[in-house]
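Asker: here are the coordinates; sequence isn't available:
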């Protein structure tokens, strides 16, 4: 296990350095001038040059890259041209809303995926209908599913909200930044229920595609495992089918499912940006849209590195989960 952790840590560092290099090169070849974006289009040439010097853009590129990596490693991504605040501070403010949405979507995707995979592999009654609903939902573009959900559940039925995180203007904003947690810590169950209602539509839209991907992977792996000799032996010994699946088949089928689940994290963050624009969700997606509109490459780069680090860390945890689930997982 220690060997696996050491190898994965080394690979994680290399991937993050490569990501920082890609972001740095894109900044150099981008037609957007970071100094001009920072001071504004109407600033004089002297002001732009002063900003270029203050930002370190007039130094040799190798020096700029080393300085960029050193600052990024400490969480210093520069100053946002949109908010005039440190990008790291803005990310700290906006990321919890996005993380809450993605985490809830991921949990629902895993639960639906496990249900879909087990139901179809074991041919439970109603598994065909469940598969039809999930695959049909995942086949729909996410923006179309979101818009249809708003039209049906908000405009026509009026049972779910379709904008923002909460209907309460005085909803707690700390200490975690996760409204579900903060509302409970503040002893306000009504805010918690309202937050859940605001999460339902975007979370369902966000989870459909990953749920089908996870379910298909688990179904294929379970079907292969259930034909194995050790499963036949367990059945001959008189074990119930449920015990055979839970105790023997599921653990030996989870490796490929974990890999697929880890890959879905990046897709969910990408889809989340679009969903935040549709549902006016005050997270990284709205912040990114503002940065793109202003040509603020410093902010975009900081967001890219942050989301990239989250994705790499997620896959690192997936690798550890695979090693724990199956000790036979190779170290190399």
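Answerer: Sure thing, it's come through. Nothing here was measured: the structure is a model prediction, and the numbers come from that model.

Asker: right, and the secondary structure at residue 198 would be what?
Answerer: Assigned with DSSP: H, G, I helix; E, B strand; the rest coil, residue 198 falls in the helix class.

Asker: next one: it relative to residue 219, how far apart?
Answerer: Separation of residue 198 from residue 219 (Cβ to Cβ, to the nearest Å) stands at 32 Å. (Glycine included, C-beta is placed from N, CA and C.)

Asker: again, but for residue 278
Answerer: Noted for residue 278: a distance of 31 Å to residue 219, by Cβ to Cβ.

Asker: do the same with residue 184
Answerer: Taking Cβ to Cβ as the measure, residue 184 falls 36 Å from residue 219.

Asker: who's more crowded, those two?
Answerer: Neighbour count, other Cβ atoms under 10 Å: between residue 184 and residue 219, residue 219 has more, with 22 against 15.

Asker: wait, the more buried one sits on residue 113?
Answerer: No - counting by Cβ atoms under 8 Å, residue 219 stays clear of residue 113, with 9.3 Å between them.

Asker: for the residue at minimal distance from the centre of the chain, which three-state class applies?
Answerer: For the chain, the residue nearest the mean C-alpha position is residue 269 (3.8 Å; Cα atoms, centre = their mean). Here residue 269 is helix, with the state taken from three-state DSSP.

Asker: quick check, it in contact with residue 306.
Answerer: No - look at residue 269 against residue 306 with Cβ under 8 Å: they stay out of range, at 10.0 Å.

Asker: picking that back up, which one is the residue nearest to the centre of the chain nearest to, not counting chain neighbours?
Answerer: Leaving aside its sequence neighbours, residue 269 sits nearest to residue 307 (Cβ to Cβ, 6 or more residues apart in numbering; 5.4 Å).

Asker: so, low pLDDT: which residues of this protein?
Answerer: 1-2, 4, 31-33, 37-38, 40-41, 241, 248, 322-332 (pLDDT under 70).

Asker: which helix or strand lies directly C-terminal to the helix or strand harbouring residue 193?
Answerer: Using DSSP states H and E, residue 193 maps to helix 189-225. For helix 189-225, the succeeding helix or strand toward the C-terminus, using DSSP H and E, is helix 229-236.

Asker: show me the contacts for residue 189.
Answerer: When contacts are counted by Cβ atoms under 8 Å, 6 or more residues apart in numbering, residue 189 touches residue 183.

Asker: look up how far residue 97 lies from it.
Answerer: To residue 97, residue 189 is 20 Å away according to Cβ to Cβ.

Asker: residue 252 too?
Answerer: Relative to residue 97, and taking Cβ to Cβ, residue 252 is found at 38 Å.

Asker: return the residues in contact with residue 99.
Answerer: Residues in contact with residue 99 (Cβ under 8 Å, 6+ apart) are residue 178.

Asker: in which helix or strand would I find it?
Answerer: helix 87-122.

Asker: what angle do helix 189-225 and that helix make with each other?
Answerer: Helix 87-122 runs at 50 degrees relative to helix 189-225, counting by axes from the mean of the first three to the mean of the last three Cα atoms, to 10 degrees.

Asker: which strands or helices does the very next helix or strand once past helix 87-122 pack on?
Answerer: Downstream of helix 87-122, the next assigned helix or strand under DSSP H and E is helix 127-139. In this structure, helix 127-139 packs against helix 87-122, helix 189-225, with contacts taken as 3 or more Cβ pairs under 8 Å, 6 or more residues apart in numbering; DSSP states H and E.

Asker: could you rerun that using 10 Å?
Answerer: helix 87-122, helix 142-149, helix 189-225 (3 or more Cβ pairs under 10 Å, 6 or more residues apart in numbering; DSSP states H and E).

Asker: and residue 175, which of these is closest to it?
Answerer: For those, proximity to residue 175 was assessed by Cβ to Cβ; helix 87-122 is nearest, at 10.5 Å.

Asker: cool, thanks, signing off.
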